[in-house]
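Student: structure here, sequence nowhere to be found:
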């Protein structure tokens, strides 16, 4: 039996113990699975729905691995480096922007099993300014990258720079996205040996000053498998470029798409016999040269493409019979 006098001693001890336990477990619970940012938020806030943060960088440290950062309203949410699985969603119907003059917009340098999703955001490199941005999205490490409904423009290097050095297999999916007015639209490279697969669907690659889409296996031994479908490659210097190397290989398949009005070559394959561009149900028109290959590279067709109206049409090297 606990007497009343002893109860006066027990309750303060219990309160102290509870306080210590709360302090001990707090760090493990400090990160939320969903956080919020707002144009009028503050990075000193906990990034909750009612007390949002100001920037993606401010919210990411308060978001658990595998969690999600959501934008409440239009705003400039700043450049960010991602080192874990996460989704950043700017919300539909509003401008959730990253202004990245003089730097990269989003750097992904995550773990070998991490998946990163970027959705409903706009990344601006301020082309024409004294210090334009470098790359809109720079994917250096991770397992998978999903880019969905993103507008990327105005970068001095690449809109999406997939620049890896890994022996692991990597997957990239780009959908409903516009990449424009940068040096390169989408660039794919792995200096290691891991297979890289890139799927681009309903993507517009517009007015990039060197190339719209390039897969580069000139270094490393990686195989690059890229598929472009239901897309537009328009007004670039070169539209699509598969560059092979001595060890690795680049395959770009283009289907149900338009490669038109590019200043130089519409579709180029070069470097070695490991470089292949394969087209089906695709229009190649209005380019300086429609098709070009060099160094033993292959230009394959399923015989259902339309190649005409270029200054020089060029020709496929191989005709494939559809199955």
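Tutor: Good, I have the coordinates. Bear in mind that the values here come from a model prediction, so they are computed numbers and not experimental data.

Student: what about residue 309, how many neighbours?
Tutor: 14 (other CB atoms under 10 Å). From N, CA and C alone the C-beta is placed, and that goes for glycine too.

Student: same thing with the one 5 residues further on?
Tutor: Other residues lying near residue 314 total 18 when counted by other CB under 10 Å.

Student: gap between residue 155 and residue 60?
Tutor: According to CB to CB, to the nearest Å, residue 155 and residue 60 sit 22 Å apart.

Student: can you get me the start-to-end distance on stretch 306-323?
Tutor: Distance across stretch 306-323, first residue to last, is 20 Å (CA to CA, to the nearest Å).

Student: any idea how far that stretch is from the middle of the chain?
Tutor: Distance of stretch 306-323 from the chain centroid (CA atoms, centre = their mean, to the nearest Å) equals 30 Å.

Student: now it: mean pLDDT?
Tutor: When pLDDT is averaged over stretch 306-323, the result is 94.

Student: ok, and for that stretch, which residues are buried?
Tutor: Under the neighbour-count criterion of 16 or more other CB atoms under 10 Å, stretch 306-323 has 307, 310, 314, 316 buried.

Student: will you turn those residues into JSON lines that also has distance to residue 31?
Tutor: As requested, these are exported to JSON lines (distance: CB to CB, whole Å):
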{"residue": "307", "distance to residue 31": "54"}
{"residue": "310", "distance to residue 31": "54"}
{"residue": "314", "distance to residue 31": "54"}
{"residue": "316", "distance to residue 31": "53"}
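
Student: of all these, which two lie farthest apart?
Tutor: 310 and 316 (13.4 Å; CB to CB).

Student: if you count contacts, what does the strand or helix carrying residue 189 end up packed against?
Tutor: Here residue 189, judged by DSSP states H and E, is contained in strand 184-190. For strand 184-190, the contact count by 3 or more CB pairs under 8 Å, 6 or more residues apart in numbering; DSSP states H and E identifies strand 158-164, strand 170-180, strand 196-206, strand 211-216, strand 223-229 as packing neighbours.

Student: residues in contact with that strand?
Tutor: 157-166, 170, 172, 174, 179, 196, 198, 200, 203, 205-206, 208, 210-217, 219-220, 222, 224, 226, 233, 236, 248, 250 (CB atoms under 8 Å, 6 or more residues apart in numbering).
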